[in-house]
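Participant: Predicted model, plus sequence, below.
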Amino acid sequence: MSSIDLEKVHQILSLAVQKGNQILQTDKAPTYGDSLVCENFLVSLLQDACTTLGLDRTLISHHGGHSFPDVTLRNTHYGIEIKGAKAHRSFNGNSVIASTMKTGLKKVFLMYWIGDDKEVGYRDYFECVATPVVTHSPRFQLDIDLEPSKSMFGSGADKVGLVEDIIFSGNSIDSEKIIQWMANKAKSKGESPWWIATDDSVPVGSTGLSKFSNLSADKRNNFLKEAFLAFPKVFDKTSPTKYNGLFEWAIQKKSVYTTRDDYSAGGKIEIVLPPFSHSPVLVPQVIQVATEALGDGSKIYINELNNSDIKKYSNTQSFLDDYKSALKNHLKHIYEDVKDSDTGNIGSNEFALLLANYLISQIDLDTLIV
């Protein structure tokens, strides 16, 4: 193996981070973009750091694609996984299956770029893992601000085991042990174990799927706020497809089991909606559920609401314009039940617009992040 030791790797990473943060404060700073933009920028920093330290730039071997980690230091036991986010400081990492993990490694670092913070940094990858999460399959969840003692790895009763035993003891990650640990944690919290197998290589196991009703109040409101913003069709009782996509999103993106009763258990509530009427009118209970959820103070990242929606927004107002238009279409049917109270004689279109504006007025616009 090379004479490159762990101390030298830290020097490379530290210098790359220092140069990266200097660049991000200048008018020549690159604009944070997709994963390819992120990888190319951070890899170039690593290569330049090698040059500054009198090392061969080709020491940095950039694999790209689905390889884990993205970078290895040639002829060493060290790797660097590259991740980035526009604003989040926690984000999904790699699959616990890690079928593409490079062999022979003894340590993997996480090098990251947070776009809005204009920050480049690095940490030990597995010190940043609090727990795996489920998208369509279990992945490590990375938190760059996580205290090392909060990592899922360690020798305590609540830990999965030591990094050197679980990650680096063989030719691949001991994913079976991780998944069994996830299943046991789920069962201990009264959650429903589940697993989506996509191919024969997926280990037998499960992880926690939380029932919506078992979530804390703040997590329920946060979940519903995101659901109502991502799926405005849920307001439309006349649509046979009103829940299309929502339940799959809840399971795959939020690890939550939700039912239609979580949005409206039937019944109606009274609201005042001038100039339609100065007297209270009865509207479906889903309006009250949405009113409380949309008023929640949690932050929502607009362009991450629903990955099936290929449109990306550059500002909050353009999203709200589209959202209002969708709401209007899906609220119009309510007019038929309240038209006798239409003292202003405004009609169904204007009524739906008033109701849409009423719902949008509940949102703290500072909580919507582009």
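Facilitator: All right, it came through fine.
Participant: next one: stretch 230-242 to chain centre, how far?
Facilitator: Computed by C-alpha atoms, centre = their mean, to the nearest Å, the chain-centroid distance of stretch 230-242 equals 24 Å.
Participant: now swap in stretch 43-52 and tell me
Facilitator: 30 Å.
Participant: Of all the residues in it, which ones are buried?
Facilitator: 43-50 (16 or more other C-beta atoms under 10 Å). In short, each C-beta sits where N, CA and C put it, glycine included.
Participant: and if you look at stretch 240-248?
Facilitator: 242-243, 246.
Participant: before we move on, what about stretch 263-271?
Facilitator: Quick answer for stretch 263-271 (16+ other C-beta under 10 Å): 263-264, 268.
Participant: So what's the gap between it and the chain middle?
Facilitator: Per C-alpha atoms, centre = their mean, the displacement of stretch 263-271 from the mean C-alpha position of its chain is 30 Å.
Participant: measure that stretch end to end?
Facilitator: By C-alpha to C-alpha, to the nearest Å, the extent of stretch 263-271 from end to end equals 18 Å.
Participant: again, but for stretch 21-37
Facilitator: With C-alpha to C-alpha as the measure, stretch 21-37 spans 16 Å from end to end.
Participant: now stretch 61-78
Facilitator: With C-alpha to C-alpha applied, stretch 61-78 spans 11 Å between its terminal residues.
Participant: With stretch 102-112 instead?
Facilitator: Start-to-end span of stretch 102-112 (C-alpha to C-alpha) is 20 Å.
Participant: One more: stretch 249-261?
Facilitator: This stretch, stretch 249-261, spans 17 Å end to end (C-alpha to C-alpha).
Participant: hang on, the earlier thing: columns pLDDT on top of the buried residues of stretch 43-52, output as CSV?
Facilitator: Below are the buried residues of stretch 43-52 laid out as CSV (pLDDT from 0 to 100):
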residue, pLDDT
43, 97
44, 97
45, 98
46, 98
47, 98
48, 98
49, 98
50, 97
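Participant: shouldn't residue 160 be in contact with residue 175?
Facilitator: No - with contact defined as C-beta atoms under 8 Å, residue 160 does not reach residue 175; the gap is 10.8 Å.
Participant: Looking at those two, which is more packed in?
Facilitator: residue 160 (25 against 20; other C-beta atoms under 10 Å).
Participant: Show the backbone phi and psi for that one.
Facilitator: Dihedral angles of residue 160 (phi, psi; degrees, to the nearest 10) stand at phi -80, psi -20.
Participant: Identify all contacting residues around the helix or strand harbouring residue 49.
Facilitator: Following DSSP states H and E, one finds residue 49 within helix 35-52. If you take C-beta atoms under 8 Å, 6 or more residues apart in numbering as the criterion, helix 35-52 is touched by 11-13, 15-17, 19-20, 30-32, 56-57, 59-60, 62, 64, 70-71, 80, 82-84, 111, 113, 120.
Participant: Sort out for me which of the residues you listed are in helices.
Facilitator: Mapping these onto helices (DSSP state H) picks out 11-13, 15-17, 19-20.
Participant: okay if I get those as TSV plus pLDDT and distance to residue 225?
Facilitator: Listed next are these as TSV, based on pLDDT from 0 to 100; distance: C-beta to C-beta, whole Å:
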residue	pLDDT	distance to residue 225
11	98	45
12	98	43
13	98	38
15	98	43
16	98	38
17	98	35
19	98	40
20	97	35
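Participant: Just give me the closest of the residues you listed to residue 76.
Facilitator: Nearest to residue 76 among those, counting by C-beta to C-beta, is residue 12 at 10.7 Å.
Participant: In the chain, which residue is most central in space?
Facilitator: Nearest residue to the geometric centre of the chain (C-alpha atoms, centre = their mean): residue 91, 5.9 Å.
Participant: Residue 85 is in contact with that residue, correct?
Facilitator: Yes - at 4.9 Å, residue 91 counts as touching residue 85 under the criterion of C-beta under 8 Å.
Participant: And the helices in this structure?
Facilitator: Under DSSP H, the chain gives helices at 6-24, 35-52, 163-166, 175-188, 217-230, 246-254, 285-294, 316-331, 335-338, 347-360.
Participant: Residue 302 is nearest to which of those helices?
Facilitator: The nearest among the helices of the chain, by C-beta to C-beta, is helix 316-331 at 4.9 Å.
Participant: what packs against that closest one?
Facilitator: Applying 3 or more C-beta pairs under 8 Å, 6 or more residues apart in numbering; DSSP states H and E, one finds that helix 316-331 contacts helix 347-360, strand 368-369.
Participant: buried set for that helix?
Facilitator: Quick answer for helix 316-331 (16+ other C-beta under 10 Å): 316, 319-320, 323-324, 326-331.
Participant: So which of these is the closest to residue 223?
Facilitator: Closest approach to residue 223 among the buried residues of helix 316-331 (C-beta to C-beta): residue 323, at 17.8 Å.
Participant: In contact with the closest one, which residues?
Facilitator: Taking C-beta under 8 Å, 6+ apart, we find residue 323 in contact with 229, 232, 360.
Participant: Would you confirm that the second one contacts residue 328?
Facilitator: No - Residue 232 sits out of contact with residue 328 when judged by C-beta under 8 Å, with a separation of 9.4 Å.
Participant: Residue 102 contacts residue 74, doesn't it?
Facilitator: No - with contact defined as C-beta under 8 Å, residue 102 does not count as touching residue 74 (11.5 Å).
Participant: who's more crowded, those two?
Facilitator: residue 102 (18 against 14).
Participant: Show me the shaky parts of the chain.
Facilitator: Applying pLDDT under 70 to the chain flags the ranges 1-2, 134-137, 192-208, 265, 307-310.
Participant: re the thing from before, in a markdown table: the helices and strands packed on helix 316-331, plus distance to residue 219 and mean neighbour count.
Facilitator: Shown next, in a markdown table, are the helices and strands packed on helix 316-331 (distance: least, C-beta to C-beta, whole Å; neighbours: other C-beta atoms under 10 Å):
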| stretch | distance to residue 219 | mean neighbour count |
| --- | --- | --- |
| helix 347-360 | 21 | 18 |
| strand 368-369 | 19 | 18 |
